[in-house]
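Asks: Structure for the following, please:
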Amino acid sequence: MARKSSREIDNPNRVDDTTSTMETRDQPIALQILVVDDEAVACESISYYLGQKGFAVKTAAGGREALRILREGFGDIVITDINMPAMNGLELTRQVRRNFPDVEIMLITGFSSEETVLQALKAGAADFFKKPVNMRELTAALYRCNRYRALKQENSRLRDAAAKGTRLAEEELYFGPSPPSRKLREELELAAAQPGVTVLLTGESGTGKELCARFIHAHGRRRKEPFIAVNCAAIPETLLERELFGHEKGAFTDARERVLGVFELAGNGTVLLDEIGEMTLAAQTRLLRVVENRTFRRLGGTRELILGECRLIAATNRNLEARVAAGEFRQDLYYRFQVLPIRVPPLRERK
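Replies: Got it, this is the predicted structure:
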């Protein structure tokens with residue numbers, strides 16, 4: 001939920017033209033915004049402001065009208081009030097997620113509670129704002145949402161390329177006809193068929209563990225969701241936590257806006273934690289909370305966020321069992337990822 005600011009618009013008819021540095025720096029992006037609210041004044045206020053910022057905007061007075069506009073082909077992001085007659089914002093969110101999976105939803109309400117926020121996020125909302133809406137934060141959220149959409153589109157492009165056979169030769173070359181290759185493929189297909197199971201890929205450097213993780217994702221039911229790989233060895237501990245969990249505005253010096261982490265950007269897709277054996281014990285402790293409870297907090301945040309149906313895959317070239325014995329890797333985290341272990345044999349064994 002966006003945090004309330006002293007510069008929020010208390011009068012819904014008035015628009016704060018003061019823009020953030022990010023807004024003035026970026027050029028207007030070609031996003032189609034559908035604003036849904038049974039209160040005409042609120043609808044007009046938001047649509048006018050966003051129109052001035054270069055967005056293409058349409059309004060709807062209720063959920064049914066919004067669905068009709070979406071069926072006509074307009075709408076990249078829906079901004080909807082929760083409390084509306086006939087069809088409330090939560091039900092609209094569910095129907096949009098079901099029928100228009102490429103459309104993102106942001107919810108606004110004048111009466112919010114922790115339970116309402118959790119219901120909104122579980123329904124598939126990308127963000128949540130309390131009335132009166134801080135227009136600067138809403139605009140920043142639209143830019144973030146656009147980056148997320150670009151990530152999903154890139155995953156879709158790669159998926160389409162695979163379907164057309166542009167990567168079939170690579171796939172056949174990787175597996176080959178040998179018994180170890182056939183066994184590996186069977187194990188990966190088994191993992192792909194169990195989307196709720198964590199996977200641990202082990203093997204020497206250069207054996208193609210990331211390709212195996214992509215194979216699992218591409219052959220699963222959630223292949224249309226994002227796939228995000230994070231190299232845990234290449235990112236310092238403090239930056240790694242920001243990368244995974246995101247952060248709130250003001251969480252640290254120069255944190256001028258809320259930034260979503262990998263766990264939020266992945267949605268119901270797949271996160272690959274490559275070289276997980278290089279994680280510090282402190283980072284392992286925070287990751288364990290995510291794996292065990294399927295919840296996390298942004299840095300500087302106080303609200304628990306739900307991981308959703310995101311699949312976690314870990315990969316390492318280290319002997320984690322030995323690192324556990326040496327006190328360098330948490331045993332409980334090791335067992336959490338050991339649910340479905342897959343050894344990726346080196347190429348010399350797959351000829």
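
Asks: Now do the helix or strand in which V117 is found: distance to the chain's middle.
Replies: Under the criterion of DSSP states H and E, V117 resides in helix 114-123. In terms of CA atoms, centre = their mean, to the nearest Å, the centre of helix 114-123 is set 16 Å apart from its chain centre.

Asks: So which bits of that helix are buried?
Replies: By 16 or more other CB atoms under 10 Å, the buried positions in helix 114-123 come out as T116, V117, L118, Q119, A120, L121, A123. All C-beta atoms are positioned from the backbone trio N, CA, C, and that covers glycine.

Asks: and if you look at stretch 89-106?
Replies: Applying 16+ other CB under 10 Å to stretch 89-106 flags G89, L90, L92, T93, Q95, V96, R97, F100, V103, E104, I105, M106 as buried.

Asks: Please apply the same query to stretch 60-73.
Replies: Buried, per 16+ other CB under 10 Å, within stretch 60-73: A60, G62, G63, E65, A66, L67, I69, L70.

Asks: same deal with stretch 291-298?
Replies: For stretch 291-298, a neighbour-count test (16+ other CB under 10 Å) marks V291, F296, R297, R298 as buried.

Asks: Quick one: residues in contact with that stretch.
Replies: Under the contact criterion CB atoms under 8 Å, 6 or more residues apart in numbering, stretch 291-298 has outside partners 198, 244-248, 251, 258, 260-261, 263, 286, 289-290, 303-308, 312, 333, 336-337.

Asks: Can you tell me which of those are buried?
Replies: 198, 244-248, 251, 258, 260-261, 263, 286, 290, 305, 307-308, 312, 333, 336-337.

Asks: Give me the subset of those that lies in helices.
Replies: L244, F245, F263, R286, V290, L333, R336, F337 (DSSP state H).

Asks: which residue sits closest to T270, ignoring its sequence neighbours?
Replies: Among residues not flanking T270 along the chain, H217 sits closest, at 4.2 Å (CB to CB, 6 or more residues apart in numbering).

Asks: From R298, how far out is the one you found?
Replies: If you measure H217 against R298 using CB to CB, to the nearest Å, the figure is 25 Å.

Asks: And A255, by the same measure?
Replies: Using CB to CB, A255 is found at 10 Å from R298.

Asks: Between the two, which contacts overlap?
Replies: Common neighbours of A255 and R298, using CB under 8 Å, 6+ apart, are H247, E248.

Asks: Okay, strands next: where are they in the stretch 101-250 of the chain?
Replies: With DSSP state E, counting those that start in this stretch as the criterion, the stretch 101-250 of the chain has strands at 104-109, 127-130, 199-202, 227-231, 246-247.

Asks: ok, residues contacting the third one?
Replies: Same thing as strand 199-202. Residues from elsewhere that reach strand 199-202 (CB under 8 Å, 6+ apart): 191, 209, 212-213, 216, 311-317, 320, 337-344.

Asks: K53: neighbour count?
Replies: For K53, the number of neighbouring residues by other CB atoms under 10 Å comes to 20.

Asks: That one contacts L138, correct?
Replies: No. Assessed by CB atoms under 8 Å, K53 is found out of contact with L138, at 10.0 Å.

Asks: tell me the strands in the stretch 251-351 of the chain, going along the chain?
Replies: 259-260, 270-274, 295-296, 305-306, 311-316, 340-343.
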